[in-house]
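A.B. asks: When you get a sec, could you give me coordinates for this:
(one chain, ligands or ions: 1)
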Amino acid sequence: MTAQLLDGKATAAVIRRELAERIAKLTALTGRPPGLGTVLVGDDPGSRAYVAGKHHDCAEAGIASLRRELPADATQHQVEDVIDELNADPACTGYIVQLPLPRHLDAGAVLERMDPAKDADGLHPVNLGRLTLGVEAPLPCTPRGIVELLRRYEVPLAGARVCVVGRGITVGRPIGLLLTRRSENATVTLCHTGTKGLAWHVREADIVVAAAGSPGLITKDMLRPGAAVLDVGITRTEHGPAGDVHPEAAEVAGWLAPMPGGVGPMTRAMLLANVVEAAERNATAV
Ligand SMILES: Nc1nc2c(c(=O)[nH]1)N[C@@H](CN(C=O)c1ccc(C(=O)N[C@@H](CCC(=O)O)C(=O)O)cc1)CN2
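C.D. replies: Numbering: from 1, shown residues only. Take a look at the predicted model:
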């Protein structure tokens, strides 16, 4: 078997075009474009590239950019001052704090200081709580991108057994909340580095989401033939960026969202969707 490609790059391009029409209408209606803010602390080349990609997407789609950058040794107080400034800025529809933050900073306290109505990443505790309660909230971008990609390729989700590998706050922790909603109706097992018998859990799954940040962790012998496999891991190695899914997995999987070109571009597109939805909420509230 050779897996069918879950083409996140092409799908994200379609979504950006769909969003650009809504952005043009919003801009005409309100007299100014929606604005996305980003807070980048430090010099990590990966984080810098992701933030640059987000602003590139904004420029293409007609969203204004508000970039805030702080040095790697910024204090908690300095970061929180920037959060307060973006919370108060009417030109900022929504914003994100690029993660991970340098280790000396308290990321939880930074996220909690954000105005939940401007949380374009859906990672504020209030928004994660709303998601838990089934109340409308901005959704975390990577989990939302995964659900959207599966939906557009008609990968069956209802009743599917999903194995998520990785428990980070951007993917592993929240994705179960999305996939177990009644509208998706999947059954989710969350695995991590402490899981005993990882291969057994993965082999039980119809859908595997690999988000552990461990290159080549998911090998073809671990997979149920025909499973949908989504590679979310990115590790910088001396040979370039490596995903969590071994390339030979494509021989066994039924569908594959590879890294690069799978879930990453969908994450970027879902950030734009969250900003557009926040701007639409604001426009109807006026
Ligand atoms: N505040 C947030 N921080 C982080 C998030 C997030 O959703 N919100 N996710 C990741 C980083 N990320 C977006 O911020 C992100 C990661 C990867 C991609 C992407 O398009 N990847 C490419 C490959 C790029 C490469 O080689 O590095 C792909 O998969 O095709 C986009 C966004 C952690 N931090």
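A.B. asks: who touches the residue of the stretch 101-250 of the chain found nearest the ligand in this structure?
C.D. replies: The ligand sits closest to residue 241 of the stretch 101-250 of the chain, with a gap of 3.9 Å, by Cβ to the nearest ligand atom. All C-beta spots, glycine's among them, are computed from the backbone N, C-alpha and C. For residue 241, the contact set (Cβ atoms under 8 Å, 6 or more residues apart in numbering) comprises 234, 235, 259, 260.
A.B. asks: a strand runs through it, doesn't it?
C.D. replies: Yes - counting by DSSP: H, G, I helix; E, B strand; the rest coil, one finds residue 241 located in a strand.
A.B. asks: Now list the buried members of the contacts of residue 241.
C.D. replies: 234, 235, 259 (16 or more other Cβ atoms under 10 Å).
A.B. asks: Please tell me how far the residue of the stretch 101-250 of the chain closest to the ligand sits from residue 25.
C.D. replies: Distance, residue 241 to residue 25, using Cβ to Cβ, to the nearest Å: 37 Å.
A.B. asks: do the same with residue 67
C.D. replies: In terms of Cβ to Cβ, residue 67 sits 25 Å off from residue 25.
A.B. asks: How about residue 231?
C.D. replies: In terms of Cβ to Cβ, residue 231 sits 35 Å off from residue 25.
A.B. asks: Residue 92 too?
C.D. replies: 20 Å.
A.B. asks: which residues does residue 218 contact?
C.D. replies: If you count contacts by Cβ under 8 Å, 6+ apart, then residue 218 has 165, 202, 208, 210, 229, 231, 244, 245, 246, 249 around it.
A.B. asks: I'd like those as TSV, with secondary structure appended.
C.D. replies: Compiled in TSV, those are given as follows (three-state DSSP):
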residue	secondary structure
165	strand
202	helix
208	strand
210	strand
229	strand
231	strand
244	coil
245	strand
246	coil
249	helix
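A.B. asks: Leaving out the residues flanking it, which one is nearest to the closest residue to the ligand within the chain?
C.D. replies: Using Cβ to the nearest ligand atom, residue 264 is the residue of the chain that sits closest to the ligand, at 2.3 Å. Residue nearest to residue 264 in three dimensions, not counting chain neighbours: residue 8, with 6.6 Å by Cβ to Cβ, 6 or more residues apart in numbering.
A.B. asks: Let me know whether that neighbour touches residue 259 as I believe.
C.D. replies: No - using Cβ atoms under 8 Å, residue 8 is not in contact with residue 259; the gap is 9.3 Å.
A.B. asks: Who are the contact partners of residue 256?
C.D. replies: 3, 4, 5, 6, 228, 229, 230, 231, 245, 249, 250, 262.
A.B. asks: are any of these buried, and which?
C.D. replies: For the contacts of residue 256, buried by 16+ other Cβ under 10 Å: 3, 5, 6, 228, 229, 230, 231, 245, 249, 250, 262.
A.B. asks: Okay, now the unreliable bits of this structure?
C.D. replies: 1, 286 (pLDDT under 70).
A.B. asks: Show me where it has its helices.
C.D. replies: 8-30, 45-61, 76-88, 107-113, 125-133, 141-152, 172-179, 198-204, 263-285 (DSSP state H).
A.B. asks: how about those in TSV, adding distance to residue 192 and mean neighbour count?
C.D. replies: Listed next are the helices of the chain as TSV, based on distance: least, Cβ to Cβ, whole Å; neighbours: other Cβ atoms under 10 Å:
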stretch	distance to residue 192	mean neighbour count
helix 8-30	24	17
helix 45-61	22	16
helix 76-88	28	15
helix 107-113	19	16
helix 125-133	18	16
helix 141-152	16	24
helix 172-179	7	20
helix 198-204	9	16
helix 263-285	18	22
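A.B. asks: Please convert those helices to a markdown table, extending it with distance to residue 190.
C.D. replies: Formatted as a markdown table, the helices of the chain follow (distance: least, Cβ to Cβ, whole Å):
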| stretch | distance to residue 190 |
| --- | --- |
| helix 8-30 | 22 |
| helix 45-61 | 24 |
| helix 76-88 | 29 |
| helix 107-113 | 20 |
| helix 125-133 | 15 |
| helix 141-152 | 12 |
| helix 172-179 | 6 |
| helix 198-204 | 9 |
| helix 263-285 | 17 |
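A.B. asks: Residue 254: which of those is closest?
C.D. replies: With Cβ to Cβ as the measure, helix 141-152 is the member of the helices of the chain nearest residue 254 (12.0 Å).
A.B. asks: just checking, what packs against that closest one?
C.D. replies: helix 8-30, helix 172-179, strand 228-231, helix 263-285 (3 or more Cβ pairs under 8 Å, 6 or more residues apart in numbering; DSSP states H and E).
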